[in-house]
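J.: Here is a sequence together with a model predicted from it:
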Amino acid sequence: MFDILVAGEINADLILSGNVKPEFDQVEKIVNSTTLTIGSSSAIFACGAARLGLRVAFIGVCGDDVFGHFMLDEMQKRNVDVSNVIIRSGGQTGLSVILNQEVDRAILTHLGLIADLQASDISDSLLSQSRHLHVASYFLQTKLQPDLPDLFQRAGSLGLTTSLDTNYDPSEKWLGFDKLLSVTDVFLPNKTEALSISKADNIEVAARQLTNKSELVAIKLGADGALACRDKEIIRSESISVNVVDTVGAGDSFDAGFIYGYLNDWPLEKSLRLACMCGALSTQKAGGTDGQPTLEEAMKYVS
């Protein structure tokens, strides 16, 4: 039924833009704009993949509250199947307040039920309906962490491929990846995450080290594009110049583009180029999803 099953966190994003650096002592500041939008790395990825035309299902945990209903409604509007989402009465859906200053931002997150999804919530029956399993926000999904290697192994035994985007480790310890990456088909870190996990001081060295564990690695380099490594071969792709409004979710849109190419057996260079275009084009509107391109829109920049 589905190309991708996303096992992820659910939280809304409240984005404040302009002169957003807080001043205490009860100082009130006026910001330029505010937007309530789809948050969470996993949900933004799911919407990006659906926007490209993939059939996407989502499983996670949210509360029976305003932010939970907002998230489910918005994902459904973007053709993401949310029928397997677990709704906890009395629980609070996660919320991130994003203080956005052009190309930089600070994020304040109330975790709520973000961490509550467990591997045992994901049945073999649900896995068997999909071709691919994607997990993001590894460090926030603390109840999923211990059994994630076994979940990826279980998915593989049922014929699914797997992908992982860790996002940033708040503890900055970057531990526990040897077993997990060995059962991850596609690893999708950014430059900081790749260098931190590999302990390398050069991004190409990091890429080669990480492919000793995961078969395929694609590393996001922001405005400098991206690189991918498979069988020690490194391929690079540049980004394009766009009018950047908001960088929230750009990495997740990149992931969606890369997995689209991966699932369609595209050459690595073409998949990486599509990923870079999806990431860049997504930054032209506020929030992580409103700027996500269709396949037709992205392919205008893919030769």
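T.: Arrived safely. Residues are numbered from 1 along each chain as shown.

J.: CA atoms for contacts and neighbours, from now on please.
T.: Fine.

J.: distance of residue 190 from residue 139?
T.: Spatial separation of residue 190 from residue 139 under the definition CA to CA, to the nearest Å is 15 Å.

J.: ok, these two, which is more surrounded?
T.: residue 190 (22 against 18; other CA atoms under 10 Å).

J.: so where do the helices sit in the stretch 151-300 of the chain?
T.: Secondary structure of the stretch 151-300 of the chain, counting by DSSP state H, counting those that start in this stretch: helices at 178-182, 191-198, 203-210, 250-263, 268-281, 295-299.

J.: before we move on, what about the stretch 1-150 of the chain?
T.: So, for the stretch 1-150 of the chain - with DSSP H, counting those that start in this stretch - the helices run 41-51, 66-77, 124-127, 148-157.

J.: Residue 252 is nearest to which of the ones you listed?
T.: For these, the distance to residue 252 is smallest for helix 41-51, at 4.8 Å, taking CA to CA.

J.: Can you give the distance of the closest one from its chain's centre?
T.: Offset of helix 41-51 from its chain centre (CA atoms, centre = their mean, to the nearest Å): 7 Å.

J.: Give me the contacts around it.
T.: Applying CA atoms under 8 Å, 6 or more residues apart in numbering, the contact partners of helix 41-51 are 6-10, 38, 55-58, 75, 78-80, 135-137, 249, 252-253, 255-257, 259-260, 288-289, 292-295.

J.: Tell me the helices and strands packed up against the lowest-mean-pLDDT helix or strand in the chain.
T.: Least confident helix or strand, the chain: strand 104-110 with a mean of 85, by mean pLDDT, DSSP states H and E. When contacts are defined as 3 or more CA pairs under 8 Å, 6 or more residues apart in numbering; DSSP states H and E, strand 104-110 sits against strand 94-101.

J.: pretty sure residue 136 contacts residue 162?
T.: No - contact between residue 136 and residue 162 fails when scored by CA atoms under 8 Å: they sit 11.2 Å apart.

J.: pLDDT weak spots in the stretch 51-200 of the chain?
T.: The model of the stretch 51-200 of the chain has pLDDT under 70 over residues 103.

J.: If we use 80, what do you get?
T.: Across the stretch 51-200 of the chain, the stretches falling below the confidence threshold (pLDDT under 80) are 102-105.

J.: Now do residue 242: how many residues are near it, please.
T.: The local packing count at residue 242 equals 12, with neighbours defined by other CA under 10 Å.

J.: thinking again about what came up before, just the buried residues of the contacts of helix 41-51.
T.: By neighbour count, with 16 or more other CA atoms under 10 Å, the contacts of helix 41-51 hold 6-10, 38, 55-58, 75, 78-80, 135-137, 249, 252-253, 255-257, 259-260, 288-289, 292-293, 295 as buried.

J.: out of the residues you listed, which are inside strands?
T.: Among the buried ones among the contacts of helix 41-51, the residues falling in strands (DSSP state E) are 6, 7, 38, 56, 57, 58, 80, 135, 136.

J.: Just the buried positions in stretch 36-44, please.
T.: 36, 37, 38, 39, 40, 41, 42, 43, 44.

J.: Now do the end-to-end distance for it.
T.: Counting by CA to CA, you get 14 Å between the two ends of stretch 36-44.

J.: Now do the same for it: mean pLDDT, whole number.
T.: Here the mean pLDDT over stretch 36-44 is 95, rounded to a whole number.

J.: Off-centre distance for that stretch?
T.: For stretch 36-44, the gap between its own C-alpha mean and the chain's C-alpha mean amounts to 9 Å (CA atoms, centre = their mean).

J.: And stretch 214-225, by the same measure?
T.: Computed by CA atoms, centre = their mean, the separation of stretch 214-225 from the middle of its chain amounts to 13 Å.

J.: Likewise for stretch 119-128?
T.: With CA atoms, centre = their mean as the basis, stretch 119-128 stands 20 Å off its chain's centre.

J.: Going forward, count from 28.
T.: Fine by me, first position is 28 from now on; the one you just mentioned is stretch 146-155.

J.: quick one: buried residues of that stretch?
T.: Judged by neighbour count (16+ other CA under 10 Å), stretch 146-155 contains these buried residues: 146, 148, 149, 154, 155.

J.: burial count for the nearest residue to residue 245 once chain neighbours are set aside?
T.: Leaving aside its chain neighbours, residue 245 sits nearest to residue 255 (4.1 Å; criterion: CA to CA, 6 or more residues apart in numbering). Counted with other CA under 10 Å, the burial measure for residue 255 works out to 25 neighbours.

J.: Check residue 249 too.
T.: If we define neighbours as other CA under 10 Å, then residue 249 has 17 of them.

J.: Let me see the contact set for it.
T.: Contact analysis of residue 249 by CA under 8 Å, 6+ apart lists residue 266.

J.: Quickly note the distance from it to residue 81.
T.: Between residue 249 and residue 81 the distance, using CA to CA, works out to 25 Å.
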